[in-house]
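>>> Next come a sequence and a model predicted from it.
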Amino acid sequence: MSNDNIVLYERKPLPAKLPLIGWSLLLIGVALTVLAFSIDNVRASYNLIIVLMMVFSVGFGSLFLIALEHIVGADWSVPFRRLTEIIAAVLFATPLIALPLFLNLNEVFSWLNPVVMDSDKYIKNKSPYLNESFFVIRNIVVFLFMFLFYFLLVGRSLKQDKTGKADTKKWSTKISAIFLPIFAILITVVAMDWLMSLEPKWFSTIFGVYYFAGSVLAALAVLTFIAITLAENGYLSKYLTEDHYYNFGALMFAFTNFWAYIAFSQFMLIWYANIPDETMWYMQRGGEGWMTVSLGLIFIRFLFPYLALVTRPSKSNPFRLKIIAVWVFIAHYYDLYWVIMPEYTKKTELHAPVYSWFEFTVPILVLGVLIVVFSLVAGKKNLMPIGDPKFRKGMEFHL
Amino acid sequence: MATDITHEVSVIEGKPTLKEIDATIIKPMDEMPNIKFFIAIGFTTTLLLIGVFSLGMAFYRGVGLWGVNNPVGWGFAIINFVFWVGIGHAGTLISAILFLFRQKWRTGIARFAEGMTIFAVMTAGLFPLIHVGRPWLDGYLMPHPNQHNLWVNFTSPLLWDVFAVSTYFTVSFVFWYMGLVPDFATMRDRLKNSTVVSKVKKTIYSVLSLGWRFSNRHWSHYEMMYLVLAGFATPLVLSVHTIVSFDFAVSIVPGWHTTIFPPYFVAGAVFSGFAMVQNALIIIRKVFNMEHIVTLDTLEKMNKVIIVTGMMVGYAYGMEFFIAWYSGHEVESFAFLNRAFGPYTWAYWIMVSCNVIFPQFFWIKKLRRNIPFMFVIAILVNVGMWFERFVITVTSLSRDYLPSSWAYYVPTIWDIGLLIGSFGFFFTLLLLFTRTMPVISIAEVKSVVAGSQPTRHKLGHHEEDEHNG
């Protein structure tokens, strides 16, 4: 190749105002959360679970995308892998977000209440799994595994910028292969612990897959938005094309459908069999007030993104993609709100959806965490994996 | 120093000329079949005859010949149906989903897998028709106004199966046939009008090729059509086995009603389908000297799909078991303990070892590239997936809510005869396919030979081009 010498990427420092925005959002978010906890720690805890699950989705979903790239040997995504790696660092914020929850477990998880435990033999039966010490232990194990794989997957990639060693690829592929089965178990544990066990009686074998589908979408949405925004403002390579973006659109489209498929499967089977122990979860979400939110989920999480992404131009047009990415991310929030908050209104016997500044703390906090972590971790790093032997090939990607 | 990892290994080994590709792929259709072929088809038609005889007996004497009874009212017929529908999943997955993922390695195997899909779905379709017990009523499966006022039960997933499977068959068939059109044209053009036989052949291929003349416009329509069909076929693949899983999962039978069934069945179907493609291709590439087209690299990639889908199935087994306990429902927990340690424990552990444990050998690269070894594993996977359907269907029914009616299901010789017959039917069709149509897409293989891809400007090569637009 005669043009190996052209410079594909030159580092341009991120704007100084980015950390400023991030920190101010984060501080406002934290202040509001502290205030919320002091006023109504039950409601605040439920909202903080949404924050935790969103940040977790983005981090774990990103780690999944990195592993996926390595294991299938994708080319197109190599130029964006560094961004994914930086975004995945939000995983380190999850223990901090979880900390106030660990201190308030009694406020949200009714299976910790001995009265509830003894009143129902089905819940009592779960006590070997649903008990405080095991809950804490297995969540710490989840955190440790996440950090371990973060370092294993991302660490060498960062070093590669300087060394340009090709054998890193082989190592990453192996680590990814080991990571993916473990990932499947970990994300299932998280989904069951923090979401499914909010209603201790309810159970669904597909629930881990449901949260997985949403998580990948959330991670993709964040990546798409950041990648396109940075590229448009010249922080990435000028050689990126719409063909690169096309894959973001195609993947969001695919996972939107996948989410709908999983959500429909879960709903359809429970509705059809009509067993009270299973339908209770949907009955809670079909009650007065919540019915509207439930129907809205179909449109917001599936139909709108589906129609928005179905044509080819919208899969690669940067402007449209950015809007869709924001939409998909909000839809993930909507989805988690729909999964978590009905349990709060049930507990407090409000029976109708609530939304006030308590809930509005969630997006502020999530954005604050994302921006702060991104600007901190991005720091002085290259935003593209220049040492990766496949980087050039990835840049030359065409549909 | 490691090999250059940015260099992608060509799908086709060596650099055969276009003419050589034509010759290699069309060779089985040019020559008189040899003795091996007659032995093979003699064997498969014998199996088929066993099936036909068992079927004749079932029609003559009634389905009372089978092992089904109370409480196991669903026996081999539904097991075989689900098994064969599952086999049919690899074809469309390879040709449609891998196409959308831009996976070039699918080229060598897509046509064959599509053909298999068609035959597997045909085989599967036989079983519900037989299982109805009164085959003269099969026509009513398609809802139509009639003087008896006989209507199907629209709320039954068994009816949705009728729609799903027939739609799937139609789309797969169109997809397969459209891909064949350029190849039929190639075969038409190669034949000379010298003998009567070649005249007849030429006429047939001319009709089948629908006037294809390899013009630029033909190709551009073709490619658009192919993409659209791939887009249609992708959700269809998922829907078919999803609906098959509904057959079980909507019923309130312990062990059947679980929400993970749809994706779990789809993963299992792809798993078994890939194993079957693997088995058949290993033989075909050897017999027809196509080892440079269906390469070892391709087989290795298929093994990777097998291990991934195998682990998905394993995840579902694990989740089912865990949630059965977690739910706290006695019948659910019993159903699963009964599967693993009850009277059918042998079947359950055949299933687990064949589907979850044995594929783990594919973690080792040497074994993943060892042809005899992968052949054995693929057979085991098929055995395991057949037993999966057996375990799901039989264990749950044989011990349901009413212990006084529990019974041990034993298939009769006629059940086994029909199962054997289904293999005979499938492999006979497959053998006929290899003699009459190109088992590998000639046109597509030509497009992946090294050097045939369009070359693009390397980055920075023509900066001025970008300014010009």
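Here it is on my side, so go on. Residues are numbered from 1 along each chain as shown, chains lettered A, B, ... in the order given.
>>> which bits of the stretch 201-350 of chain A sit near chain B?
Taking C-beta under 8 Å from any C-beta of the partner chain, the part of the stretch 201-350 of chain A that reaches chain B is made up of A:203-209, A:239, A:257, A:261-262, A:265-266, A:268-270, A:272-273, A:275, A:277. For every residue, glycine as well, the C-beta is placed using N, CA and C.
>>> if we go to 10 Å?
A:201-210, A:213, A:237-239, A:247, A:250, A:254, A:257-258, A:261-262, A:264-275, A:277-278, A:310, A:312 (C-beta under 10 Å from any C-beta of the partner chain).
>>> Please narrow these to those residing in strands.
Applying DSSP state E to these, no entry is found in strands.
>>> among the residues you listed, which ones are buried?
Taking 16 or more other C-beta atoms under 10 Å in any protein chain shown as the criterion, what is buried in those is A:201-210, A:213, A:237, A:239, A:247, A:250, A:254, A:257-258, A:261-262, A:265-270, A:272-273, A:278.
>>> avg pLDDT for whichever strand or helix holds residue A:180?
In the assignment (DSSP states H and E), residue A:180 maps to helix A:167-194. Helix A:167-194 carries an average pLDDT of 92.
>>> okay, which residue is most central for the chain?
Reading this off chain A. With distances taken as C-alpha atoms, centre = their mean, the residue of chain A nearest its centroid is residue A:57 (1.8 Å).
>>> nope, chain B please
residue B:88 (2.5 Å).
>>> Please tell me how far the nearest residue to it once chain neighbours are set aside sits from residue B:58.
Leaving aside its chain neighbours, residue B:88 sits nearest to residue B:120 (3.7 Å; criterion: C-beta to C-beta, 6 or more residues apart in numbering or on different chains). Relative to residue B:58, residue B:120 is positioned 21 Å away (C-beta to C-beta, to the nearest Å).
>>> Give me the more crowded residue out of the two.
Set residue B:120 next to residue B:58 and count neighbours by other C-beta atoms under 10 Å in any protein chain shown: residue B:120 wins out with 27 against 22.
>>> Now do the contacts for the more buried one.
B:83-91, B:172, B:272-273, B:276, B:422, B:426, B:429-430 (C-beta atoms under 10 Å, 6 or more residues apart in numbering or on different chains).
>>> Buried residues of whichever strand or helix holds it, list them for me.
Here residue B:120, judged by DSSP H and E, is contained in helix B:107-131. Using 16+ other C-beta under 10 Å as the test for burial, helix B:107-131 gives B:107-128, B:130-131.
>>> Show me what from the stretch 251-400 of chain B comes close to chain A.
Going by C-beta under 10 Å from any C-beta, the residues of the stretch 251-400 of chain B near chain A are B:251-253, B:256-264, B:266, B:304, B:307-308, B:311-312, B:314-316, B:318-330, B:332-333, B:363.
>>> Whichever of the residues you listed end up buried, select them in PyMOL.
PyMOL command restricting those to the buried ones, with burial defined by 16+ other C-beta under 10 Å:
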select buried, chain B and resi 253+256+257+258+259+260+261+262+263+264+266+307+308+311+312+314+315+316+319+320+321+322+323+324+325+326+327+328+329+332+333
